[in-house]
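Asks: Below: sequence and its predicted model.
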Amino acid sequence: MRHQAGRRRRQPSEASNGSIASSRRSSFAQNGNSSRKSSELKGPCEKVVHVAQDSLFSTSSGWTNFRGFFNLSILLLVLSNGRVALENVIKYGILITPLQWISTFVEHNYSIWSWPNLALILCSNIQIVSVLGIEKILERGWLGNSFAAVFYTVLVIVHLTIPVVVTLTHTWKNPLWSVVMMSVYVIEALKFISYGHVNYWARDARRKINELKTQVTDLAKKTCDPKQFWDLKDELSMHQMAASYPSNLNISNIYYFMAAPTLCYEFKFPRTSRVRKHFLIKRTVELIFLSFLIAALVQQWVVPTVRNSMKPLSEMEFSRCLERLLKLAIPNHLIWLLFFYTFFHSFLNLVAELLKFADREFYRDFWNAETISYFWKSWNIPVHRFAVRHIYSPMMRNNFSKMSAFFVVFFVSAFFHEYLVSVPLKMFRLWSYYGMMGQIPLSYITDKVVRGGRTGNIIVWLSLIVGQPLAILMYGHDWYILNFGVADIRNQTVVI
(Lines give C-alpha, C1' and ligand atoms only; values in the text may rest on other atoms or scores of the structure.)
Protein backbone atom coordinates (compact mmCIF):
# COMPACT_ATOMS: atom_id res chain seq x y z
CA MET A 1 0.00 0.00 0.00
CA ARG A 2 2.80 2.38 0.87
CA HIS A 3 4.49 1.53 -2.42
CA GLN A 4 1.29 2.21 -4.36
CA ALA A 5 0.78 5.51 -2.56
CA GLY A 6 4.31 6.50 -3.48
CA ARG A 7 3.57 5.65 -7.08
CA ARG A 8 0.39 7.71 -6.94
CA ARG A 9 2.31 10.63 -5.47
CA ARG A 10 4.90 10.45 -8.24
CA GLN A 11 2.38 10.43 -11.05
CA PRO A 12 1.67 14.20 -11.01
CA SER A 13 5.38 14.90 -11.16
CA GLU A 14 5.86 12.52 -14.08
CA ALA A 15 2.82 13.89 -15.87
CA SER A 16 4.14 17.39 -15.53
CA ASN A 17 7.45 16.62 -17.24
CA GLY A 18 6.23 18.01 -20.55
CA SER A 19 4.90 21.19 -18.98
CA ILE A 20 8.18 21.73 -17.13
CA ALA A 21 10.12 21.40 -20.38
CA SER A 22 7.84 23.79 -22.23
CA SER A 23 7.88 26.33 -19.43
CA ARG A 24 11.68 26.27 -19.39
CA ARG A 25 11.74 27.09 -23.05
CA SER A 26 9.37 30.04 -22.76
CA SER A 27 10.05 31.52 -19.32
CA PHE A 28 13.18 29.92 -17.89
CA ALA A 29 14.23 32.92 -15.80
CA GLN A 30 10.78 33.61 -14.33
CA ASN A 31 9.79 30.09 -13.24
CA GLY A 32 13.21 28.80 -12.20
CA ASN A 33 12.95 29.87 -8.56
CA SER A 34 9.44 28.45 -8.04
CA SER A 35 10.44 25.10 -9.59
CA ARG A 36 13.44 24.80 -7.31
CA LYS A 37 11.38 25.57 -4.21
CA SER A 38 8.78 22.90 -5.03
CA SER A 39 11.46 20.29 -5.76
CA GLU A 40 13.26 21.02 -2.48
CA LEU A 41 10.12 20.04 -0.54
CA LYS A 42 10.08 16.56 -2.09
CA GLY A 43 12.02 13.54 -1.00
CA PRO A 44 15.25 12.47 -2.74
CA CYS A 45 13.57 9.74 -4.74
CA GLU A 46 10.73 11.99 -5.86
CA LYS A 47 12.89 14.67 -7.53
CA VAL A 48 12.81 14.56 -11.35
CA VAL A 49 16.31 15.35 -12.58
CA HIS A 50 16.11 14.77 -16.33
CA VAL A 51 13.47 15.95 -18.80
CA ALA A 52 13.40 16.00 -22.61
CA GLN A 53 14.85 19.37 -23.65
CA ASP A 54 17.29 20.99 -26.09
CA SER A 55 20.44 22.95 -25.33
CA LEU A 56 19.88 26.69 -25.30
CA PHE A 57 22.23 27.29 -28.24
CA SER A 58 20.21 24.91 -30.43
CA THR A 59 17.77 26.67 -32.71
CA SER A 60 15.11 24.08 -31.83
CA SER A 61 15.17 25.23 -28.19
CA GLY A 62 13.40 28.46 -29.08
CA TRP A 63 15.65 30.40 -26.70
CA THR A 64 16.28 33.97 -27.92
CA ASN A 65 17.41 35.90 -24.86
CA PHE A 66 21.12 36.64 -25.39
CA ARG A 67 21.23 40.10 -23.82
CA GLY A 68 24.28 39.15 -21.80
CA PHE A 69 26.31 38.48 -24.94
CA PHE A 70 25.21 41.83 -26.35
CA ASN A 71 26.44 43.54 -23.18
CA LEU A 72 29.69 41.58 -23.46
CA SER A 73 30.13 42.72 -27.08
CA ILE A 74 29.64 46.35 -26.08
CA LEU A 75 32.13 45.95 -23.23
CA LEU A 76 34.74 44.35 -25.51
CA LEU A 77 34.17 47.09 -28.10
CA VAL A 78 34.72 49.80 -25.50
CA LEU A 79 37.81 48.11 -24.09
CA SER A 80 39.42 47.44 -27.48
CA ASN A 81 38.81 50.96 -28.76
CA GLY A 82 39.90 52.39 -25.43
CA ARG A 83 43.18 50.53 -25.77
CA VAL A 84 43.64 51.90 -29.30
CA ALA A 85 42.88 55.43 -28.10
CA LEU A 86 45.38 55.08 -25.25
CA GLU A 87 48.00 53.73 -27.67
CA ASN A 88 47.38 56.72 -29.93
CA VAL A 89 47.94 59.19 -27.08
CA ILE A 90 51.12 57.39 -25.99
CA LYS A 91 52.55 57.49 -29.54
CA TYR A 92 51.60 60.99 -30.63
CA GLY A 93 50.71 62.85 -27.46
CA ILE A 94 47.73 65.19 -27.30
CA LEU A 95 47.31 66.65 -30.80
CA ILE A 96 43.96 68.35 -30.16
CA THR A 97 44.35 72.13 -30.39
CA PRO A 98 41.02 73.99 -30.04
CA LEU A 99 42.79 77.34 -30.47
CA GLN A 100 43.89 76.25 -33.93
CA TRP A 101 40.26 75.43 -34.79
CA ILE A 102 39.22 78.93 -33.78
CA SER A 103 42.06 80.43 -35.81
CA THR A 104 40.66 78.85 -38.97
CA PHE A 105 37.63 81.10 -38.58
CA VAL A 106 39.55 84.34 -38.23
CA GLU A 107 42.70 84.04 -40.35
CA HIS A 108 42.18 85.65 -43.73
CA ASN A 109 44.02 83.16 -45.92
CA TYR A 110 41.95 80.06 -45.37
CA SER A 111 38.79 80.80 -43.38
CA ILE A 112 35.13 80.93 -44.20
CA TRP A 113 35.27 84.65 -43.43
CA SER A 114 37.70 85.27 -46.28
CA TRP A 115 36.01 86.83 -49.29
CA PRO A 116 35.92 83.97 -51.85
CA ASN A 117 33.78 81.51 -49.88
CA LEU A 118 31.58 83.98 -48.06
CA ALA A 119 31.17 86.22 -51.10
CA LEU A 120 30.06 83.30 -53.24
CA ILE A 121 27.43 82.24 -50.71
CA LEU A 122 26.11 85.81 -50.55
CA CYS A 123 26.19 86.18 -54.33
CA SER A 124 23.98 83.13 -54.73
CA ASN A 125 21.09 85.43 -53.78
CA ILE A 126 21.33 86.82 -57.31
CA GLN A 127 20.44 83.43 -58.76
CA ILE A 128 17.60 82.99 -56.26
CA VAL A 129 16.01 86.32 -57.16
CA SER A 130 16.55 85.60 -60.87
CA VAL A 131 14.66 82.31 -60.57
CA LEU A 132 11.73 84.07 -58.91
CA GLY A 133 11.70 86.77 -61.60
CA ILE A 134 11.72 84.24 -64.45
CA GLU A 135 8.90 82.26 -62.84
CA LYS A 136 6.75 85.39 -62.65
CA ILE A 137 7.40 86.07 -66.34
CA LEU A 138 6.55 82.47 -67.22
CA GLU A 139 3.34 82.66 -65.19
CA ARG A 140 2.15 85.63 -67.22
CA GLY A 141 2.79 83.75 -70.44
CA TRP A 142 5.35 86.18 -71.83
CA LEU A 143 7.82 83.32 -72.33
CA GLY A 144 7.20 79.66 -73.11
CA ASN A 145 8.24 76.44 -71.44
CA SER A 146 11.01 75.90 -74.01
CA PHE A 147 12.68 79.07 -72.79
CA ALA A 148 12.22 77.90 -69.19
CA ALA A 149 13.98 74.60 -69.96
CA VAL A 150 16.94 76.42 -71.54
CA PHE A 151 17.06 78.98 -68.72
CA TYR A 152 17.17 76.40 -65.93
CA THR A 153 19.74 74.29 -67.77
CA VAL A 154 22.05 77.28 -68.22
CA LEU A 155 21.37 78.51 -64.68
CA VAL A 156 22.30 75.21 -63.04
CA ILE A 157 25.45 74.82 -65.16
CA VAL A 158 26.60 78.37 -64.43
CA HIS A 159 25.64 78.04 -60.77
CA LEU A 160 27.82 74.95 -60.41
CA THR A 161 30.67 76.33 -62.52
CA ILE A 162 31.20 79.62 -60.66
CA PRO A 163 32.50 78.04 -57.41
CA VAL A 164 34.76 75.72 -59.43
CA VAL A 165 36.41 78.66 -61.19
CA VAL A 166 36.83 80.66 -57.98
CA THR A 167 38.19 77.69 -56.03
CA LEU A 168 40.70 76.69 -58.70
CA THR A 169 41.96 80.25 -59.22
CA HIS A 170 42.46 81.08 -55.53
CA THR A 171 44.93 79.65 -53.08
CA TRP A 172 44.20 78.81 -49.46
CA LYS A 173 45.59 76.11 -47.22
CA ASN A 174 42.41 74.53 -45.88
CA PRO A 175 39.96 73.09 -48.44
CA LEU A 176 37.31 72.47 -45.77
CA TRP A 177 35.53 75.77 -46.26
CA SER A 178 35.49 75.26 -50.01
CA VAL A 179 33.59 72.02 -49.35
CA VAL A 180 31.08 73.94 -47.21
CA MET A 181 30.60 76.64 -49.85
CA MET A 182 30.27 74.16 -52.70
CA SER A 183 27.81 72.06 -50.70
CA VAL A 184 25.62 75.15 -50.36
CA TYR A 185 25.79 75.67 -54.13
CA VAL A 186 24.90 72.04 -54.86
CA ILE A 187 21.90 72.22 -52.52
CA GLU A 188 20.74 75.45 -54.16
CA ALA A 189 21.12 73.96 -57.65
CA LEU A 190 18.96 70.97 -56.72
CA LYS A 191 16.37 73.27 -55.17
CA PHE A 192 16.29 75.39 -58.35
CA ILE A 193 15.49 72.23 -60.33
CA SER A 194 12.69 71.25 -57.95
CA TYR A 195 11.29 74.80 -57.87
CA GLY A 196 11.24 74.97 -61.67
CA HIS A 197 9.67 71.51 -62.05
CA VAL A 198 6.84 72.14 -59.59
CA ASN A 199 5.95 75.52 -61.05
CA TYR A 200 5.99 73.98 -64.53
CA TRP A 201 3.63 71.25 -63.33
CA ALA A 202 1.39 73.94 -61.83
CA ARG A 203 1.28 75.89 -65.10
CA ASP A 204 0.51 72.71 -66.99
CA ALA A 205 -2.20 71.77 -64.49
CA ARG A 206 -3.76 75.23 -64.80
CA ARG A 207 -3.84 74.86 -68.58
CA LYS A 208 -5.50 71.45 -68.29
CA ILE A 209 -8.02 72.84 -65.81
CA ASN A 210 -9.07 75.52 -68.27
CA GLU A 211 -9.42 72.93 -71.03
CA LEU A 212 -11.40 70.60 -68.78
CA LYS A 213 -13.72 73.38 -67.69
CA THR A 214 -14.57 73.99 -71.33
CA GLN A 215 -15.12 70.27 -71.95
CA VAL A 216 -17.28 69.87 -68.85
CA THR A 217 -19.41 72.84 -69.87
CA ASP A 218 -19.87 71.44 -73.38
CA LEU A 219 -20.75 67.99 -72.06
CA ALA A 220 -23.25 69.43 -69.62
CA LYS A 221 -25.09 71.14 -72.48
CA LYS A 222 -25.18 68.00 -74.63
CA THR A 223 -26.79 64.64 -74.20
CA CYS A 224 -23.80 62.46 -73.45
CA ASP A 225 -22.59 59.45 -71.58
CA PRO A 226 -22.74 60.31 -67.83
CA LYS A 227 -19.60 58.24 -67.22
CA GLN A 228 -17.64 60.48 -69.61
CA PHE A 229 -18.89 63.54 -67.74
CA TRP A 230 -17.81 62.25 -64.31
CA ASP A 231 -14.43 61.08 -65.65
CA LEU A 232 -13.76 64.67 -66.65
CA LYS A 233 -14.92 65.87 -63.25
CA ASP A 234 -12.51 63.48 -61.53
CA GLU A 235 -9.66 64.61 -63.78
CA LEU A 236 -10.53 68.21 -62.99
CA SER A 237 -10.28 67.55 -59.25
CA MET A 238 -6.87 65.89 -59.71
CA HIS A 239 -5.41 69.20 -60.85
CA GLN A 240 -6.57 71.27 -57.91
CA MET A 241 -2.93 71.29 -56.78
CA ALA A 242 -2.58 74.37 -58.96
CA ALA A 243 -5.02 76.33 -56.79
CA SER A 244 -2.15 77.98 -54.88
CA TYR A 245 -0.41 79.02 -58.08
CA PRO A 246 0.70 81.80 -58.74
CA SER A 247 0.25 83.15 -55.20
CA ASN A 248 3.32 81.12 -54.21
CA LEU A 249 5.57 83.27 -56.40
CA ASN A 250 6.81 85.67 -53.75
CA ILE A 251 10.11 86.37 -52.03
CA SER A 252 9.18 84.90 -48.64
CA ASN A 253 8.01 81.62 -50.17
CA ILE A 254 11.14 80.96 -52.20
CA TYR A 255 13.49 81.92 -49.36
CA TYR A 256 11.59 79.68 -46.95
CA PHE A 257 12.14 76.83 -49.39
CA MET A 258 15.82 77.69 -49.75
CA ALA A 259 16.25 77.54 -45.97
CA ALA A 260 14.00 74.52 -45.33
CA PRO A 261 15.64 71.11 -44.75
CA THR A 262 14.27 69.61 -47.95
CA LEU A 263 15.16 69.47 -51.64
CA CYS A 264 11.59 68.99 -52.90
CA TYR A 265 9.46 72.10 -53.38
CA GLU A 266 5.79 72.22 -52.44
CA PHE A 267 3.30 75.07 -52.34
CA LYS A 268 2.49 74.44 -48.69
CA PHE A 269 4.80 72.60 -46.33
CA PRO A 270 3.50 70.98 -43.13
CA ARG A 271 4.12 73.36 -40.23
CA THR A 272 4.25 73.01 -36.46
CA SER A 273 2.29 75.35 -34.21
CA ARG A 274 5.24 76.62 -32.18
CA VAL A 275 8.99 76.45 -31.62
CA ARG A 276 9.93 74.17 -28.73
CA LYS A 277 12.70 75.91 -26.78
CA HIS A 278 13.80 72.80 -24.89
CA PHE A 279 14.10 70.82 -28.12
CA LEU A 280 16.00 73.72 -29.72
CA ILE A 281 18.50 73.94 -26.86
CA LYS A 282 19.07 70.18 -26.88
CA ARG A 283 19.79 70.08 -30.62
CA THR A 284 22.08 73.12 -30.35
CA VAL A 285 24.14 71.56 -27.56
CA GLU A 286 24.40 68.32 -29.55
CA LEU A 287 25.51 70.19 -32.65
CA ILE A 288 28.25 72.12 -30.86
CA PHE A 289 29.55 69.22 -28.77
CA LEU A 290 29.55 66.64 -31.57
CA SER A 291 31.17 69.05 -34.03
CA PHE A 292 34.08 69.58 -31.63
CA LEU A 293 34.24 65.83 -30.96
CA ILE A 294 34.48 65.07 -34.68
CA ALA A 295 37.21 67.69 -35.12
CA ALA A 296 39.11 66.24 -32.16
CA LEU A 297 38.90 62.68 -33.50
CA VAL A 298 40.07 63.79 -36.93
CA GLN A 299 43.04 65.68 -35.52
CA GLN A 300 44.04 63.09 -32.93
CA TRP A 301 43.24 59.83 -34.69
CA VAL A 302 42.74 60.15 -38.45
CA VAL A 303 45.43 62.67 -39.46
CA PRO A 304 48.38 60.71 -37.94
CA THR A 305 47.11 57.47 -39.48
CA VAL A 306 46.75 59.00 -42.93
CA ARG A 307 50.14 60.69 -42.68
CA ASN A 308 51.84 57.42 -41.72
CA SER A 309 50.12 55.67 -44.63
CA MET A 310 51.77 57.75 -47.34
CA LYS A 311 55.05 55.83 -47.51
CA PRO A 312 53.52 52.31 -47.63
CA LEU A 313 51.10 53.49 -50.33
CA SER A 314 53.82 55.06 -52.44
CA GLU A 315 55.97 51.91 -52.15
CA MET A 316 52.94 49.65 -52.80
CA GLU A 317 53.59 47.40 -49.80
CA PHE A 318 50.35 45.41 -49.85
CA SER A 319 50.48 44.04 -46.31
CA ARG A 320 51.37 47.44 -44.84
CA CYS A 321 48.71 49.15 -46.95
CA LEU A 322 46.11 46.67 -45.73
CA GLU A 323 47.20 47.24 -42.13
CA ARG A 324 46.90 51.02 -42.57
CA LEU A 325 43.50 50.61 -44.20
CA LEU A 326 42.15 48.54 -41.32
CA LYS A 327 43.71 50.89 -38.80
CA LEU A 328 41.92 53.83 -40.39
CA ALA A 329 38.61 51.98 -40.82
CA ILE A 330 37.45 52.14 -37.18
CA PRO A 331 38.04 55.86 -36.48
CA ASN A 332 36.74 56.80 -39.91
CA HIS A 333 33.54 54.81 -39.42
CA LEU A 334 33.05 56.23 -35.94
CA ILE A 335 33.43 59.75 -37.34
CA TRP A 336 31.00 58.93 -40.15
CA LEU A 337 28.38 57.77 -37.63
CA LEU A 338 28.92 60.89 -35.53
CA PHE A 339 28.65 63.08 -38.62
CA PHE A 340 25.43 61.36 -39.64
CA TYR A 341 23.85 62.03 -36.25
CA THR A 342 25.22 65.57 -36.10
CA PHE A 343 23.97 66.59 -39.53
CA PHE A 344 20.85 64.53 -40.19
CA HIS A 345 19.49 64.59 -36.65
CA SER A 346 20.90 67.53 -34.71
CA PHE A 347 21.42 70.13 -37.46
CA LEU A 348 18.43 69.37 -39.71
CA ASN A 349 16.09 69.12 -36.71
CA LEU A 350 17.48 72.42 -35.43
CA VAL A 351 16.77 74.14 -38.75
CA ALA A 352 13.35 72.49 -39.00
CA GLU A 353 12.42 73.62 -35.49
CA LEU A 354 13.43 77.21 -36.21
CA LEU A 355 11.35 77.21 -39.41
CA LYS A 356 8.47 75.21 -37.84
CA PHE A 357 9.00 72.62 -40.58
CA ALA A 358 6.95 69.61 -39.47
CA ASP A 359 8.28 66.82 -41.73
CA ARG A 360 11.24 65.48 -39.75
CA GLU A 361 11.84 62.25 -41.68
CA PHE A 362 15.44 62.96 -42.64
CA TYR A 363 16.52 59.31 -42.40
CA ARG A 364 15.09 55.84 -41.92
CA ASP A 365 16.49 52.65 -40.42
CA PHE A 366 19.50 52.42 -42.72
CA TRP A 367 21.31 50.40 -40.03
CA ASN A 368 18.92 47.51 -40.77
CA ALA A 369 19.49 47.72 -44.54
CA GLU A 370 19.85 44.26 -46.06
CA THR A 371 20.55 45.58 -49.56
CA ILE A 372 22.66 48.42 -50.93
CA SER A 373 19.63 49.88 -52.70
CA TYR A 374 17.66 50.11 -49.44
CA PHE A 375 20.63 51.73 -47.72
CA TRP A 376 20.73 54.53 -50.29
CA LYS A 377 16.97 54.93 -50.02
CA SER A 378 16.99 55.25 -46.25
CA TRP A 379 20.12 57.01 -44.99
CA ASN A 380 19.54 60.36 -46.77
CA ILE A 381 15.81 60.92 -47.26
CA PRO A 382 15.96 64.50 -48.70
CA VAL A 383 18.28 63.40 -51.53
CA HIS A 384 16.35 60.16 -52.07
CA ARG A 385 13.05 62.04 -52.42
CA PHE A 386 14.62 64.46 -54.89
CA ALA A 387 16.11 61.64 -56.96
CA VAL A 388 12.80 59.77 -57.13
CA ARG A 389 10.65 62.83 -57.81
CA HIS A 390 12.83 64.72 -60.29
CA ILE A 391 15.03 62.05 -61.93
CA TYR A 392 13.70 58.50 -61.56
CA SER A 393 9.93 59.10 -61.94
CA PRO A 394 10.20 61.49 -64.94
CA MET A 395 12.42 58.97 -66.74
CA MET A 396 9.94 56.17 -66.03
CA ARG A 397 7.08 58.32 -67.35
CA ASN A 398 9.07 58.84 -70.54
CA ASN A 399 9.39 55.07 -71.09
CA PHE A 400 12.98 54.62 -69.90
CA SER A 401 13.78 51.28 -68.32
CA LYS A 402 14.17 50.93 -64.56
CA MET A 403 17.84 50.05 -65.00
CA SER A 404 18.46 53.20 -67.05
CA ALA A 405 16.77 55.39 -64.45
CA PHE A 406 18.67 53.59 -61.68
CA PHE A 407 21.97 54.13 -63.50
CA VAL A 408 21.29 57.85 -64.08
CA VAL A 409 20.45 58.37 -60.39
CA PHE A 410 23.75 56.83 -59.32
CA PHE A 411 25.63 58.70 -62.04
CA VAL A 412 24.29 62.05 -60.80
CA SER A 413 25.13 61.09 -57.22
CA ALA A 414 28.64 60.00 -58.25
CA PHE A 415 29.17 63.27 -60.12
CA PHE A 416 28.30 65.40 -57.10
CA HIS A 417 30.39 63.25 -54.75
CA GLU A 418 33.40 63.79 -56.99
CA TYR A 419 32.49 67.46 -57.43
CA LEU A 420 32.58 68.06 -53.67
CA VAL A 421 35.93 66.29 -53.24
CA SER A 422 38.05 66.92 -56.32
CA VAL A 423 37.46 70.65 -56.72
CA PRO A 424 38.35 71.69 -53.13
CA LEU A 425 41.44 69.45 -53.26
CA LYS A 426 42.26 70.82 -56.75
CA MET A 427 42.93 67.39 -58.19
CA PHE A 428 40.80 65.03 -60.25
CA ARG A 429 41.37 61.37 -59.47
CA LEU A 430 37.75 60.13 -59.68
CA TRP A 431 38.11 57.79 -56.69
CA SER A 432 34.83 59.01 -55.22
CA TYR A 433 33.11 58.69 -58.59
CA TYR A 434 34.31 55.12 -59.02
CA GLY A 435 33.23 54.30 -55.49
CA MET A 436 29.67 55.49 -56.13
CA MET A 437 29.38 53.78 -59.51
CA GLY A 438 30.68 50.62 -57.86
CA GLN A 439 27.51 50.62 -55.78
CA ILE A 440 25.55 49.49 -58.87
CA PRO A 441 27.10 45.99 -59.17
CA LEU A 442 27.22 45.74 -55.37
CA SER A 443 23.50 46.54 -55.31
CA TYR A 444 22.88 43.73 -57.79
CA ILE A 445 24.79 41.32 -55.54
CA THR A 446 22.80 42.18 -52.41
CA ASP A 447 19.47 42.25 -54.30
CA LYS A 448 19.75 39.24 -56.61
CA VAL A 449 22.61 37.02 -55.41
CA VAL A 450 22.57 37.31 -51.63
CA ARG A 451 18.90 38.40 -51.52
CA GLY A 452 19.23 40.50 -48.41
CA GLY A 453 19.13 38.89 -45.01
CA ARG A 454 21.91 38.97 -42.46
CA THR A 455 24.57 38.48 -45.14
CA GLY A 456 23.25 41.46 -47.07
CA ASN A 457 23.38 43.64 -43.96
CA ILE A 458 26.97 42.56 -43.32
CA ILE A 459 27.91 43.48 -46.91
CA VAL A 460 26.31 46.91 -46.47
CA TRP A 461 28.29 47.60 -43.30
CA LEU A 462 31.49 46.19 -44.78
CA SER A 463 31.22 48.49 -47.80
CA LEU A 464 30.97 51.47 -45.44
CA ILE A 465 33.71 50.38 -43.07
CA VAL A 466 36.26 49.50 -45.78
CA GLY A 467 35.21 51.61 -48.78
CA GLN A 468 35.36 55.04 -47.18
CA PRO A 469 38.84 54.75 -45.58
CA LEU A 470 40.17 53.34 -48.86
CA ALA A 471 38.98 56.46 -50.69
CA ILE A 472 40.43 58.68 -47.95
CA LEU A 473 43.83 56.99 -48.24
CA MET A 474 43.83 57.34 -52.02
CA TYR A 475 42.92 61.02 -51.94
CA GLY A 476 45.27 61.68 -49.02
CA HIS A 477 48.18 60.03 -50.82
CA ASP A 478 47.60 61.93 -54.07
CA TRP A 479 47.04 65.25 -52.29
CA TYR A 480 50.22 64.79 -50.24
CA ILE A 481 52.28 64.09 -53.36
CA LEU A 482 50.72 67.06 -55.16
CA ASN A 483 51.57 69.46 -52.35
CA PHE A 484 54.79 68.05 -50.88
CA GLY A 485 56.26 65.78 -53.56
CA VAL A 486 57.43 62.17 -53.66
CA ALA A 487 60.80 62.92 -52.06
CA ASP A 488 59.15 64.08 -48.85
CA ILE A 489 57.25 60.78 -48.59
CA ARG A 490 60.40 58.68 -49.14
CA ASN A 491 62.18 60.52 -46.34
CA GLN A 492 59.23 59.98 -44.02
CA THR A 493 59.54 57.83 -40.91
CA VAL A 494 56.50 55.66 -40.37
CA VAL A 495 55.23 55.29 -36.82
CA ILE A 496 53.68 51.86 -36.34
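Replies: Here it is on my side, so go on.
Asks: got the domain boundaries for the protein?
Replies: 2-55, 112-269, 291-496 (automatic domain parsing).
Asks: want to try JSON lines for these, with distance to Leu77 and mean neighbour count as columns?
Replies: To be clear about C-beta, it is placed using only N, CA and C from the backbone, and glycine gets the same treatment. Formatted as JSON lines, these follow (distance: least, Cβ to Cβ, whole Å; neighbours: other Cβ atoms under 10 Å):
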{"stretch": "domain 2-55", "distance to Leu77": "26", "mean neighbour count": "11"}
{"stretch": "domain 112-269", "distance to Leu77": "30", "mean neighbour count": "15"}
{"stretch": "domain 291-496", "distance to Leu77": "10", "mean neighbour count": "17"}
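Asks: what are the ranges of the strands in the stretch 201-350 of the chain?
Replies: For the stretch 201-350 of the chain, strands defined by DSSP state E, counting those that start in this stretch do not occur.
Asks: could you pull out the helices for it?
Replies: 226-238, 251-259, 277-297, 303-307, 310-315, 318-340, 348-355 (DSSP state H, counting those that start in this stretch).
Asks: hmm, back to that, quick one: the domains of the chain as JSON lines, columns for mean pLDDT and distance to Phe66 too.
Replies: Output for these, formatted as JSON lines (pLDDT from 0 to 100; distance: least, Cβ to Cβ, whole Å):
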{"stretch": "domain 2-55", "mean pLDDT": "55", "distance to Phe66": "13"}
{"stretch": "domain 112-269", "mean pLDDT": "82", "distance to Phe66": "39"}
{"stretch": "domain 291-496", "mean pLDDT": "86", "distance to Phe66": "15"}
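Asks: Could you point out which of these sits nearest Thr64?
Replies: Proximity to Thr64, assessed across the domains of the chain by Cβ to Cβ, is greatest for domain 2-55 (10.2 Å).
Asks: I figured Arg283 was touching Leu350, is that so?
Replies: Yes. Look at Arg283 against Leu350 with Cβ atoms under 8 Å: they come within range, at 4.2 Å.
Asks: of the domains of the chain, which approaches Ser80 most closely?
Replies: Among those, domain 291-496 sits nearest to Ser80 (Cβ to Cβ), with 8.9 Å.
Asks: re earlier: I'd like the helices of the stretch 201-350 of the chain as a markdown table, with distance to Val388 appended.
Replies: Output for the helices of the stretch 201-350 of the chain, formatted as a markdown table (distance: least, Cβ to Cβ, whole Å):
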| stretch | distance to Val388 |
| --- | --- |
| helix 226-238 | 20 |
| helix 251-259 | 18 |
| helix 277-297 | 28 |
| helix 303-307 | 36 |
| helix 310-315 | 39 |
| helix 318-340 | 21 |
| helix 348-355 | 19 |
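Asks: Arg360 and Ala260, how far apart?
Replies: Using Cβ to Cβ, to the nearest Å, we find Arg360 at a distance of 12 Å from Ala260.
Asks: now Phe347
Replies: Phe347 is 13 Å from Ala260, by Cβ to Cβ.
Asks: picking up where we left off before, could you export the domains of the chain to a markdown table, including columns for distance to Leu86?
Replies: Shown next, in a markdown table, are those (distance: least, Cβ to Cβ, whole Å):
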| stretch | distance to Leu86 |
| --- | --- |
| domain 2-55 | 37 |
| domain 112-269 | 28 |
| domain 291-496 | 12 |
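Asks: so what secondary structure elements neighbour the helix or strand harbouring Leu470?
Replies: Applying DSSP states H and E as the criterion places Leu470 in helix 453-484. With contacts taken as 3 or more Cβ pairs under 8 Å, 6 or more residues apart in numbering; DSSP states H and E, helix 453-484 sits against helix 303-307, helix 310-315, helix 318-340, helix 372-378, helix 402-425, helix 431-437, helix 439-444, helix 486-490.
Asks: Can I get those in TSV including distance to Phe289?
Replies: Putting the helices and strands packed on helix 453-484 into TSV (distance: least, Cβ to Cβ, whole Å) gives the following:
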stretch	distance to Phe289
helix 303-307	21
helix 310-315	32
helix 318-340	10
helix 372-378	26
helix 402-425	25
helix 431-437	29
helix 439-444	32
helix 486-490	36
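Asks: hang on, His170 packs against Ala119?
Replies: No. The criterion here is Cβ under 8 Å, and His170 misses it with Ala119 at 10.8 Å.
Asks: wait, what's in contact with the nearest residue to Gly196 once chain neighbours are set aside?
Replies: Leaving aside its chain neighbours, Gly196 sits nearest to Tyr152 (4.6 Å; criterion: Cβ to Cβ, 6 or more residues apart in numbering). Residues in contact with Tyr152 (Cβ atoms under 8 Å, 6 or more residues apart in numbering) are Phe192, Ile193, Gly196.
Asks: So which of the residues you listed are in helices?
Replies: Phe192, Ile193, Gly196 (DSSP state H).
Asks: Tell me how far the last one lies from Val412.
Replies: Relative to Val412, Gly196 is positioned 16 Å away (Cβ to Cβ).
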